[in-house]
Every structure is written in C-alpha cells, then in structure tokens.
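# next comes the sequence, and after it the predicted model I'd like to discuss.
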Amino acid sequence: MTGTHFSRLRDDFPLLARLVRGRRLAYLDSAATTQKPNEVIEALRRYYLEDNANTHRGVHFLSDRATDLYEAARERVRRFVNAARADEIVFVRGTTEAINLVAATFGRACLRVGDEIVVSAMEHHSNIVPWQIACEQAGAGLRVVPIGDDGEFLFEEFEKLIGPRTRLVAVTHVSNALGTVTPVRRIVERAHAAGVPVLLDGAQAVAHAAVDVQALDCDFYAFSGHKLYAPMGIGVLYGKAEWLARLPPYQGGGHMIRDVTFERTEYDAPPRKYEAGTPNVEGAVGLAAALDYVERIGMAAIGEHEAALLDYATARVGEIDGLRVIGTAREKGAILSFVVDGFTAQEVGTVLDRHGVAVRSGHHCALPAMRRFGVEGTARASFALYNNREDVDQLIEALRAVRR
Ligand code: PLP
C-alpha cells in the first residue's frame, strides 16, 4: 500500500473524527492502546447480534457457532505469528496475564533455590514483577542486563549473565519506554546455546512489524490485542508445544479438564489446559478482525509508514529548546520519549492535551528504565498506522506552547 493510501486510513477509525477540547485530535498514545477500526467494531456488533453463546458446552447451533469462531480466531493468530500449530496459541487477557501465566507455571515446575531469571533494565513492570513473585516463592533471583546511554540492550553484558544457574531469559522485543528494538534473534540463539528458554514480550512489537515465532525460535511470545487495533481483554501467549505440554496449569476451573473427581482431576490438552473459565469469544473475534485489517494493509508497509513518521518527528522535536529525547537506539519502534527542561512530564502532557494532542506522560510502567536515565518520567508520543505528518505538526505546535 502506498503513502497516499495511508492518508485515508484515519477515516477507518471513527473515534479519530471527534474533537478533543475543541481541537482536531492528534492521537499519539497508541503504545498505551490503539483506536479501533470500523471493521473491528462491526465484527463485535455482528458477534452479539448473530452468534453469541458459550463455547464447548452445548450441542446447540449457537454454541457450535461461538466455538467455531473462537477456534477460527486461534488459527488466525497462528497464521499471524507463524506458529507451527494452533494449539500453541493460548488466549489470555493480555501481555500481563501471558507473562504471569508463564512465571507462575514455570516457577512451580522449574525454579529452585539459587536459580536465576535474566531480564533487562528496560522491561515493563509486567515483565519484572511476575518474575520477582516466582523467584520469591522458589528462593531464586533476578539478574538484570544493563542498557547503554542510548538505550541499547548491551549484548556483551547479557552474555556475561548467562550461567549455570540461569533458568529462563525474559526480555522485551521493543521497549515501551525508550523505543529500543532488542536483538531478539541473537538473544534467543545465545540463550539456547546454554540450554536456556526465552520469553519475549511482544506488546510493542506485533503491531509494527511481522513477527515469526518459528524464525525467532523463542519459547514463549506474549502480546495484547488492544495495542493491535483489537479490543481490550484479549491477548495471546504463544508457547512451544513441548513447553505447554510440560508446564502445569495456571488456573483451575471449567473448560480446562477432561475428568474431575474429588480425588484427582485430569487436565485437557493445551491450549485448553491454560484457559480455565468462559473464554473471551468477543475479544477473539475482534482480534481476528483486527489481524485481517492490518494484514490487508501489510505489516511491512505499516512499519515503513511509522518509521518515516518517527524520523520526521525526531527531526522536528530538535526545533524545541531544552527538549531531550530519551532513547536513541539505532533501531527503534514507533516511540518517541522525551523530557523538556524545567517541566515535569505531567506538565508537558497537560499542555499538549489542551491542544488536542494525546501523549502518555509518566514512568510508562518502566520505573527502572526511567531511573537509568535519571528521570522520574517522560512524555511519550507513539505512532500507529493512522497517524500522519499533521499529527506531528500539531505536536510540535503544542510543544512550542509548553516553552511559552
Ligand atoms: N509489556 C510492554 C512492553 C508494554 O508496553 C505493556 C503495556 O503497555 C505491557 C507489557 C502490558 O500490557 P497489558 O497491560 O496489555 O497487559
């Protein structure tokens, strides 16, 4: 798809047409959550108008229909991340739940006193805290890969941390606070050479480039639907079949069993073993619609469009006195984090909001990364397929108002 087409995509997102504080909306907070295209909103509406029932329970028409839609969505996700098998796709609430699922089950099955989990200094809290909880329960500990002044993942330091006690590496694919793209392929290769499995946090990656879990060869990959034009409350954990077979269940309940007696329970096969309770069919349907939408545009084209916007925005914020970009890695996702001398991130965000510019202000749930750069927070503009130069120009105009 060409640049001209991108200029029309804003119209696919009805919310972007609303005025905010009397101004055109420049929505630059897609790393927090994306807006939803008509196609996704319509899929949700159709689901409740025509197909709603509980899954895997009845023999009636609608129950079969809801089950088919849910399983078709699983197959759609499999294709999107190029997993080898649909049963390697577990539906969860989002990235946070996906990582908690692995931390809790891996922790119970594989972590012992003195073991180590390796994370990086740029992780989102959801890829730190679940591991801390698992480590605390097992008597294990975290080792942290430092990051450079530009926000790069320091690969040589990472290599030094891999040792005989390392049980798992959990790192982000793209940093939500700095934008850094981490060298995930090399990380997986190096960890596997030491027999260590790898979990990748793909929350900020999947909406911006094609992800191929087989090519990455990661053991687990986690992401949220809502950052990918799909509804909130649906997300994905990809896990290699051998891991999903080996780990114990996360939660117990309906939908995840073959047989229950008071003496013992036989669990269903993965992925159902990890999907206790009534599933989010609506969310899965919305996610499948979102994947159809982005793949029709093309992940490579989306990536190019956003990279061009990031370059334009990075050049233009240079016009603002006292503005410092936090996170200047060579390879970056669609994220521009910055501070302005003499103003807190909240103050910057509040002035931008008055100009109809929506950015995230604060620590981005990545306090250790903020402290690494000596700041308590930043303002963060993040880009999606519906953004354009007009959004960036509106941001720059609003930043001039902050300076005034
Ligand atoms: N990991 C990263 C890198 C994120 O950016 C986010 C959300 O901002 C998360 C994890 C958590 O995602 P969710 O809140 O959708 O579970």
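Received the coordinates, thanks.

# Leu168 belongs to a helix?
No. Counting by DSSP: H, G, I helix; E, B strand; the rest coil, Leu168 is not part of a helix but strand.

# can you verify my assumption that it contacts Leu200?
No. Counting by C-beta atoms under 8 Å, Leu168 does not reach Leu200; the two are 11.5 Å apart. No exception for glycine: its C-beta is placed from N, CA and C like everyone else's.

# next to the ligand, which bits of the stretch 1-150 of the chain? Give me the list.
Residues of the stretch 1-150 of the chain lying close to the ligand by C-beta under 6 Å from any ligand atom are 94-96, 124, 126-127.

# which of the residues you listed fall in helices?
95-96 (DSSP state H).

# report the buried members of the residues of the stretch 1-150 of the chain next to the ligand.
Those of these that meet the buried threshold are 94-96, 124, 126-127, by 16 or more other C-beta atoms under 10 Å.

# how about those residues, which pair is most distant?
Spatially, the most separated pair among these is Gly94 and Asn127, at 12.5 Å (C-beta to C-beta).

# in the stretch 301-404 of the chain, what residue is nearest the ligand?
Nearest residue of the stretch 301-404 of the chain to the ligand: Cys365, at 6.1 Å (C-beta to the nearest ligand atom).

# and that residue, that's in a helix?
No. Membership of Cys365 in a helix is not supported by three-state DSSP, which gives coil.

# that one contacts Ile128, doesn't it?
No. Assessed by C-beta under 8 Å, Cys365 is found out of contact with Ile128, at 9.3 Å.

# these two: which is more packed in?
Ile128 (22 against 19; other C-beta atoms under 10 Å).

# now what about whichever strand or helix holds Leu9, what contacts it?
In this structure, Leu9 sits in helix 3-9 according to DSSP states H and E. Helix 3-9 has contacts (C-beta atoms under 8 Å, 6 or more residues apart in numbering) with 297, 301, 305, 385-386, 388.

# and the buried ones among the residues of the stretch 1-150 of the chain next to the ligand as TSV, adding pLDDT?
Listed next are those as TSV, based on pLDDT from 0 to 100:
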residue	pLDDT
Gly94	98
Thr95	98
Thr96	98
His124	98
Ser126	98
Asn127	98
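
# what residue spans form the domains of the chain?
Per the record, the chain has its domains at 3-30+298-403, 42-295, by automatic domain parsing.

# dump these into JSON lines; add distance to Lys36 as well.
Formatted as JSON lines, the domains of the chain follow (distance: least, C-beta to C-beta, whole Å):
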{"stretch": "domain 3-30+298-403", "distance to Lys36": "7"}
{"stretch": "domain 42-295", "distance to Lys36": "6"}
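
# contact partners for the residue nearest to Gly362 when sequence neighbours are not counted?
Once flanking residues are discounted, Gly362 sits nearest to Gly377: 4.5 Å by C-beta to C-beta, 6 or more residues apart in numbering. Going by C-beta under 8 Å, 6+ apart, Gly377 touches 344-346, 361-364, 370.

# model confidence score at the closest residue in space to Thr33 that isn't next to it in sequence, please.
Using C-beta to C-beta, 6+ apart and skipping the chain neighbours, the partner closest in space to Thr33 is His226 (4.8 Å). His226 carries a pLDDT value of 98.

# give me the phi and psi for the closest residue in space to Gly114 that isn't next to it in sequence.
What sits nearest to Gly114 in space, not counting adjacent residues and going by C-beta to C-beta, 6+ apart, is Arg165, at 5.9 Å. Torsion angles at Arg165 (phi, psi; degrees, to the nearest 10) stand at phi -100, psi 0.

# OK, contacts around Arg165?
Shown in contact with Arg165 (C-beta under 8 Å, 6+ apart): 114-116.

# dump those to a markdown table, plus neighbour count and secondary structure.
Below are those laid out as a markdown table (neighbours: other C-beta atoms under 10 Å; DSSP: H, G, I helix; E, B strand; the rest coil):
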| residue | neighbour count | secondary structure |
| --- | --- | --- |
| Gly114 | 10 | coil |
| Asp115 | 19 | coil |
| Glu116 | 20 | strand |
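
# and which of the residues you listed is nearest to the ligand?
The ligand has its nearest neighbour among the contacts of Arg165 in Glu116, at 21.3 Å by C-beta to the nearest ligand atom.

# which residues does that closest one bridge with?
Gly141, Thr166 (DSSP bridges).

# could you pull up the residues touching it?
Glu116 makes contact with 140-143, 161, 163, 165-167 under the criterion C-beta under 8 Å, 6+ apart.
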